[in-house]
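Enquirer: my questions concern the predicted model and sequence given below.
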Amino acid sequence: MIKIKPLADRVLIEPMSKEEKTKSGIFLPDTVDKERPEQGKVLAVGEGKIDDGEIVKMTVKKGDVVLFTKYGPHEIKVDGKTYLIAREDDILAVLE
């Protein structure tokens with residue numbers, strides 16, 4: 001269990017790599033140089049952004065699968081695993 005608590009309007013995301021397949025049916029493993037993923041699972045959320053002295057609650061919650069901007073989140077590594085920390089503004093949508 002990861003013990004990271006995001007601050008303010010930040011969200012801890014576990015990136016989800018999608019399996020890619022070429023037109024000829026060959027599956028590309030994660031070791032192939034690919035672009036950064038743009039979706040992931042929310043592992044933790046901060047309390048919310050402070051606006052005019054009041055905390056604005058977060059709209060995403062733990063367990064949500066989200067789409068985010070490609071280069072907005074910051075990449076961190078903990079125990080050899082890669083995670084992303086993003087501001088809520090970098091999240092574009094929640095997948096249902």
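Expert: Nice, I can see it. Numbering: from 1, shown residues only.
Enquirer: can you pull the pLDDT of the closest residue to Ile55 other than its chain neighbours?
Expert: Nearest in space to Ile55, with sequence neighbours left out and distances taken as Cβ to Cβ, 6 or more residues apart in numbering, is Gly48 at 4.5 Å. Bear in mind the C-beta positions are built from the backbone N, C-alpha and C, glycine included. For Gly48, the model assigns a pLDDT of 94.
Enquirer: ok, so what distance separates Gly48 from Val94?
Expert: Between Gly48 and Val94 the computed distance is 16 Å (Cβ to Cβ, to the nearest Å).
Enquirer: what sits opposite the spatially most central residue of the chain in the beta ladder?
Expert: For the chain, the residue nearest the mean C-alpha position is Ile13 (3.1 Å; Cα atoms, centre = their mean). On the basis of DSSP bridges, Ile13 is bridged to Val42, Leu84.
Enquirer: Val94 too?
Expert: Beta bridges link Val94 to Val66 when assigned by DSSP bridges.
Enquirer: neighbours around it, how many?
Expert: Residues contacting Val94 under the criterion other Cβ atoms under 10 Å number 13.
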